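Chemist: quick check, what structure comes out for this input:
(2 chains, ligands or ions: 4)
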Protein chains: 2
Amino acid sequence: MATLDFLNFVDANKDSFIQRLAQAVEIPSVSGDPVHRDDVFRMASFLESQLKNYGVETKAVDLGTHVMEGQKLKLPPAILGRIGDVKSKKTILIYGHFDVQPAQLSDGWDFPPFKLTRDDKTGRLYGRGSSDDKGPIFGWINILEAHHTLKKPLPVNLRFCFEGMEESGSEGLDEFILAEVKKGKDSWFDGVDAVCISDNYWLNTRTPVLTYGLRGISYYKVIVSGPARDLHSGVFGRTVHEPMTDLVALMSRLVDTKGNILIPGVDEMVPPPSEEERQLYKNLDYEVEDVELSAGAKVALSEDKASVLMGRMRLPSLSLHGIEGAFYGAGGKTVIPAKVAGKFSIRLVPPQTPDNVHPLVIKYLHDEFAKLGSKNTISVESLHGGKPWVEDYKHWSYEAAHRATEAVYKQAPDYTREGGSIPVTLTFAEALGVNVLLLPMGRGDDGAHSTNEKLDISNFIQGTKLLGSYLYEVAAGTKA
Amino acid sequence: MATLDFLNFVDANKDSFIQRLAQAVEIPSVSGDPVHRDDVFRMASFLESQLKNYGVETKAVDLGTHVMEGQKLKLPPAILGRIGDVKSKKTILIYGHFDVQPAQLSDGWDFPPFKLTRDDKTGRLYGRGSSDDKGPIFGWINILEAHHTLKKPLPVNLRFCFEGMEESGSEGLDEFILAEVKKGKDSWFDGVDAVCISDNYWLNTRTPVLTYGLRGISYYKVIVSGPARDLHSGVFGRTVHEPMTDLVALMSRLVDTKGNILIPGVDEMVPPPSEEERQLYKNLDYEVEDVELSAGAKVALSEDKASVLMGRMRLPSLSLHGIEGAFYGAGGKTVIPAKVAGKFSIRLVPPQTPDNVHPLVIKYLHDEFAKLGSKNTISVESLHGGKPWVEDYKHWSYEAAHRATEAVYKQAPDYTREGGSIPVTLTFAEALGVNVLLLPMGRGDDGAHSTNEKLDISNFIQGTKLLGSYLYEVAAGTKA
Ligand SMILES: [Zn+2]
Ligand SMILES: [Zn+2]
Ligand SMILES: [Zn+2]
Ligand SMILES: [Zn+2]
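Modeler: Numbering: from 1, shown residues only, chains lettered A, B, ... in the order given. Ligands and ions are numbered 1, 2, ... in the order given. Down below sits the predicted model:
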C-alpha cells in the first residue's frame, strides 16, 4: 500500500501538477517536423531539470544525427535518470516519451493544441501530448516531487529512460539501449529488475487495464510494372497487360471480407484459443458496441464479442493500405499507370515473426502472379517489421500493478493485449531479459494522435497515485 | 488533283510556314491552367487575324464562363470562319483546337516547350502544340494563304470552327453547336456537306491513315465506406470490415488479366468480327511490335496482330485507373482508410452506349458487393460518358481523302478506328447529319500530351498539301 502522506500530497497538489503538465504541453515537441526540432530539445531540457529538482541523477545522451525531409538534423537526446541504489530494494526502469504528434488548430481542434485547456465541467485536460505521453511522464515527476518534498525515500530504486523520437520511429534508441546494456556494471540499466511503460490506454472509459501483449508487424510493398510510361486508356486499353489489373487481382487474394488471411500458412501458425482463453476475452469490459462506437459505424466483423476482441488482440490481421503510383485524385483521369505498388501489412502474434512469415508471403505473391499469366513483372519489398511481444502476466510486477489498481480504483484491472506495436517494449524485454509491464494512465477515448487529444483530470491524479502505488506494491510484494 | 501552283507555293514557303507555326507555339495557350487563360485568348486573336488576312469572314463566339480551381473564368471564344458561297461547290466544315496541354521544362523536356525548336538533322519541329493541334490548324492557314496570294479561288466553300477548350473538356462547345445548328439558314454551319477534323495521328511513322471510328467511354467511381474516420490497423485490424478489402475485391472482378470484361453482357453486346473484318486488321501497317515499342515494353495481350489491333479499335476495354481516399504516398502508413473510391472506365464500341451499359455495371457491382457479406456500404457514380462513333468510310469525303493521300504520299492510306474519344466528332455527326472524316497530319510517335511533343517538318509540309489536295479531290469527285 502507498503511504497516506503520499496519497494526500497528490490530492493536495492537483492544481500545481496540472500547472506543470500545462508547461510541458506548451512546448510543441513535435518530433516529425524539422521546424519543431528545437522545441523537442527544449522539452528534453525541461524534463531533465525537473528530474534534477527532485534528486534524480541525469544524463542527456547524444543519439547522433538523422535525415528528415532532406535535412540532416540532430536527434533529440535520450534523458536517462537514476535515483536510489539500495541493494535490498527492487529496481524499476521507467520508459516514456516527451515528443508528440503534429497538431494544428486547422486540423479541426476545438482548442489550441499546444495549450492545456482545463475544462472543469467535463473534468478534462485538452492538449497535444496530454495523454500521449506527457501526462504519464509527469505522473512520474509528480511522484518524485511528493517523495522529495516529504523527504520520504522511494520504496524502490528507479531508473528512467525518456526519449524524444517515439512518434518518428524512435530513431537511434534501439542502438543506444543495446550498446548501453553491453556496458554491464557501468550501464545505466544495470540491476534493473523490471520495466514499466505507461504509454497506452484503457480499452474503455471505465476499467483500468494491465497490458501484457502487443502485435508485431510486417509491412509489404508489392510492385507490378510493365509499360515504360503511363499510357492512355483510349489508345492502349485492351492491347497491353495493365499493371493495375494484375495488382488488384493480387491484392484481392490476400485477405477476405471476413478478415481471414488467404496466404497459406499464416493464419495456421497461430493455435486456436482454448475455451478457457475465449472466456478471458468474454470477460473483458469491452463490448462489440464499444468497438463500433470507436470506429464510428456498425461494421464489426462479428456479433461475437470474443471473436472481435481476439481479432484485435490474439490473431494476426492483414490490411490493404493503398496503392502508390495509381491515380488518386478527384475526378476522372483516363490513365493506365505504368508502375503501381500495393501497400499492405500483416499484424503478427506469437509464434509469428517477420522472418517466419516472410517466405510465405513472397512465395504466395509470386505463385499467384504466375497464375495470372501476365507479361508484366512483379517485385516484393518488405518495408519494415517488428516481432510481437507477449509477457508473463503472473509475474510479481503485474501482481503489484494489480494490487495497486485495486487500491486506487477499487476494482480489478482487465488484462489486455494491444493490436498495435510499441517497439521499445520488445527491445527492453530482449536486451534486459526482464519482465515488462504496460501500465496505462489514460482512457480509450483520449484520442492520442487525433484532434482534441485529452486526459481526464481524474486519470492524471488517480493515475499518479496508481503509478506510485505500483512502486509501493512492488516493494511490498517482493520483500526478502 | 491539286493544282501545281498550289503545291509549288507550299514547297516554296516552307520556312515562312514554319515561322508562323513557331509564333503560334510561343503562345502558351494552356486551357487547363487559369494562369494561362489570357494566353488562350491571345491565341484566339492571333488565329482570327490570320483567317481575316486571307479573306475569311470570322466571328469570335463568346461561350460564357465556367469555374476552374475555384475561380470563375471567361471561356475562350470559339473562332468561326466562312469563305466561299458558290452553290455549285461542296461546303466543308473544318474543326480544330488552338489550346494545348500543360508543359514545363521540368517535366523532362529536352527543349523549351513553348518555343518551336527546329532540328534539321532529324527533320523535326519540337514544341507543345506542334502536332496537337496547332500544326494541323496552321496547315489550313497555309492553304488559305496560298490561294489568297495566288489569287486562286478555293475548290470548295470552307467553314471553320476552332475552339480553345478541347484539352479541358470542350466546355461550352456542344451547347453552342446545337444552338447554332437550330438557326437553319442563319447558321454558320448552314449548307455544310461534310466535316473534316485533323486532330489525331497515323498508327505508325510510315503510313497515312483515314480514321472512321472512335470508342466511347463510361467512367465510373465505386465508393465503399464504413468507419466514420480513418482507423489504425493495429487497433482495428481484424475487428471491422475494411472498405479497401471490399473495394479491391470488387475491382478484381471487373476485368481479367487478358483484358476480358467480367461484367456480364458488356463484351457480349459486341458481335464477333467476320473473317473478312479480321483480315482488315491483319492488313494494317501496324504490328504487335509497334504497339510494344509505343508502350515501351513487351506487354501486348497477344501475339496475334488482329487480336491486339481489334482490342484497341473494335472491342470495348476496361481499365482500372486508381483509388481515391487510400494511402498513395511513399513509405509505409498503417492506415485503414474509412472511405475509398475506385476509378475505372469502359471504352465503348457500337452498339454500346453509356446508357445501355450503365444498368449492367450497376447491377453487377451491387450483386458482387452483396456476395461479399460486408457491413460497409457501396455507391456507384458515373463521372462522365460519351457514345462511340463509327463512320461510313465509303463516302465521297473519304474517297477524296484516299485519292489525296495517294497523290501526296504515293501510297494508299490505312483505314483505322481509334481507341480514344474526340467527343466533338459525334456532336458534328449528330447535329449536322453529315459525314465526318478524321484526316490526321502527324505521326504515331508525335507524343501529343507528352514531353518533347514534335511534328515532322515533312508531315507539316506534305500534310498541308494533303489537306489542300483533299479539298481539290472533294471538288473533283463530286462534280455535278
Ligand atoms: Zn505514445
Ligand atoms: Zn503516440
Ligand atoms: Zn487534339
Ligand atoms: Zn490533345
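Chemist: which residue is nearest the middle of chain A?
Modeler: With distances taken as C-alpha atoms, centre = their mean, the residue of chain A nearest its centroid is residue A:422 (3.9 Å).
Chemist: pretty sure that residue is touching residue A:436, no?
Modeler: No - applying C-beta atoms under 8 Å as the test, residue A:422 and residue A:436 come out as separate, 9.6 Å apart. Where C-beta positions appear, they are placed from N, C-alpha and C, glycine not excepted.
Chemist: what's the overlap in contacts for these two?
Modeler: Applying C-beta atoms under 8 Å, 6 or more residues apart in numbering or on different chains, one finds that residue A:422 and residue A:436 are jointly contacted by residue A:197.
Chemist: find the closest residue to ligand 3 in the stretch 351-480 of chain A.
Modeler: As assessed by C-beta to the ion, ligand 3 sits closest to residue A:376 within the stretch 351-480 of chain A, at 29.6 Å.
Chemist: residues contacting the residue nearest to the centre of chain A?
Modeler: Contact partners of residue A:422, counting by C-beta under 8 Å, 6+ apart, are A:197, A:199-200, A:214, A:438.
Chemist: go ahead and build a PyMOL selection from the buried members of those.
Modeler: To isolate the buried ones among those in PyMOL, judged by 16 or more other C-beta atoms under 10 Å in any protein chain shown, type:
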select buried, chain A and resi 197+199+200+214+438
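Chemist: returning to what we had before: surely the residue of the stretch 351-480 of chain A closest to ligand 3 and residue A:223 touch.
Modeler: No - Residue A:376 lies out of contact with residue A:223 (C-beta under 8 Å); the separation is 9.9 Å.
Chemist: the two: which is more packed in?
Modeler: Legend: neighbour count by other C-beta atoms under 10 Å in any protein chain shown for residue A:376 and residue A:223, higher for residue A:376 (25 against 18).
Chemist: whichever helix or strand residue A:46 is part of - contacts with which helices or strands?
Modeler: Secondary structure assignment for residue A:46, by DSSP states H and E: helix A:37-53. When contacts are defined as 3 or more C-beta pairs under 8 Å, 6 or more residues apart in numbering or on different chains; DSSP states H and E, helix A:37-53 packs onto helix A:14-25, strand A:57-61, strand A:71-74, strand A:78-83, helix A:134-149, strand A:157-163.
Chemist: residue A:205: how many residues sit nearby?
Modeler: Number of residues near residue A:205 (other C-beta under 10 Å) recorded here: 14.
Chemist: and what of residue A:339?
Modeler: Residue A:339, neighbours per other C-beta under 10 Å, totals 19.
Chemist: let me know the pLDDT of the residue nearest to it when sequence neighbours are not counted.
Modeler: Spatial nearest neighbour of residue A:339, excluding adjacent residues (C-beta to C-beta, 6 or more residues apart in numbering or on different chains): residue A:225 at 4.0 Å. Residue A:225 is assigned 97 on the pLDDT scale.
Chemist: beta-bridge partners for residue A:225, please?
Modeler: Beta-bridge partners for residue A:225, by DSSP bridges, are residue A:339, residue A:377.
Chemist: just to check, it is in contact with residue A:374?
Modeler: No - applying C-beta under 8 Å, one finds residue A:225 not in contact with residue A:374, separated by 10.9 Å.
Chemist: buried set for the helix ranked longest in chain A?
Modeler: Among the segments of chain A that qualify as a helix by DSSP state H, the longest is helix A:457-477. If you call a residue buried by 16+ other C-beta under 10 Å, then helix A:457-477 has these buried ones: A:457, A:459-475.
Chemist: quickly note the distance from residue A:473 to ligand 1.
Modeler: Residue A:473 is 24 Å from ligand 1, where distance means C-beta to the ion, to the nearest Å.
Chemist: got it, and residue A:355?
Modeler: For residue A:355 relative to ligand 1 (C-beta to the ion), the value is 26 Å.
Chemist: same question, residue A:163
Modeler: Going from residue A:163 to ligand 1 by C-beta to the ion gives 10 Å.
Chemist: and for residue A:74?
Modeler: Distance from residue A:74 to ligand 1, by C-beta to the ion: 22 Å.
Chemist: and for residue A:405?
Modeler: Distance from residue A:405 to ligand 1, counting by C-beta to the ion: 21 Å.
Chemist: returning to what we had before: now do the phi/psi pair for the residue nearest to the centre of chain A.
Modeler: phi -130, psi 90 (degrees, to the nearest 10).
Chemist: pLDDT wise, what is it at?
Modeler: 88.
Chemist: residue of the stretch 251-400 of chain A nearest ligand 3, please.
Modeler: residue A:334 (14.3 Å).
Chemist: burial check on that residue, number of neighbours?
Modeler: Residues near residue A:334, counting by other C-beta under 10 Å, number 21.
Chemist: same deal with residue A:215?
Modeler: Residue A:215: 31 surrounding residues under other C-beta under 10 Å.
Chemist: again with the one 5 residues further on
Modeler: Using other C-beta under 10 Å, residue A:220 has 25 other residues around it.
Chemist: surely residue A:358 touches residue A:218?
Modeler: Yes - the pair residue A:358 / residue A:218 is scored as a contact, 6.8 Å apart, by C-beta under 8 Å.
Chemist: among those two, which residue is more densely surrounded?
Modeler: Neighbour count, other C-beta under 10 Å: between residue A:358 and residue A:218, residue A:218 has more, with 26 against 16.
Chemist: name the helices or strands packed onto the helix or strand where the more buried one lies?
Modeler: Residue A:218 is located in strand A:216-225, with elements delineated by DSSP H and E. The contact analysis (3+ C-beta pairs under 8 Å, 6+ apart) places strand A:216-225 against helix A:243-252, strand A:339-348, helix A:354-372, strand A:377-386.
Chemist: where's the residue of chain A most remote from its centre relative to residue B:295, distance?
Modeler: Going by C-alpha atoms, centre = their mean, the residue of chain A most distant from its centre is residue A:235, 48.6 Å out. Residue A:235 sits 9 Å away from residue B:295, going by C-beta to C-beta, to the nearest Å.
Chemist: state the pLDDT value of the residue of the stretch 351-480 of chain A at minimum distance from ligand 1.
Modeler: Using C-beta to the ion, the single residue of the stretch 351-480 of chain A nearest to ligand 1 is residue A:448, 6.3 Å away. pLDDT for residue A:448: 89.
Chemist: what do you get for the one 3 residues further on?
Modeler: Per-residue confidence at residue A:451 stands at 88 (pLDDT).
Chemist: make sure it is actually in contact with residue A:111.
Modeler: No - Residue A:451 is not in contact with residue A:111 according to C-beta under 8 Å; the separation is 9.3 Å.
Chemist: ok, the residue nearest to the residue of the stretch 351-480 of chain A closest to ligand 3 when sequence neighbours are not counted - contacts?
Modeler: Once flanking residues are discounted, residue A:376 sits nearest to residue A:226: 3.6 Å by C-beta to C-beta, 6+ apart. By C-beta under 8 Å, 6+ apart, the residues touching residue A:226 are A:240-243, A:338-339, A:374-377, B:295, B:297, B:299.
Chemist: need the residues of the stretch 301-450 of chain A near ligand 3, please.
Modeler: Within the stretch 301-450 of chain A, not a single residue sits near ligand 3 (C-beta under 5 Å from the ion).
Chemist: what parts of the stretch 301-450 of chain A come near ligand 1?
Modeler: Close to ligand 1, as judged by C-beta under 5 Å from the ion, the stretch 301-450 of chain A has no residues.
Chemist: now do stretch A:188-196: distance from first to last residue.
Modeler: One end of stretch A:188-196 sits 16 Å from the other (C-alpha to C-alpha, to the nearest Å).
Chemist: what does stretch A:59-75 give?
Modeler: Distance between the two ends of stretch A:59-75: 15 Å, counting by C-alpha to C-alpha.
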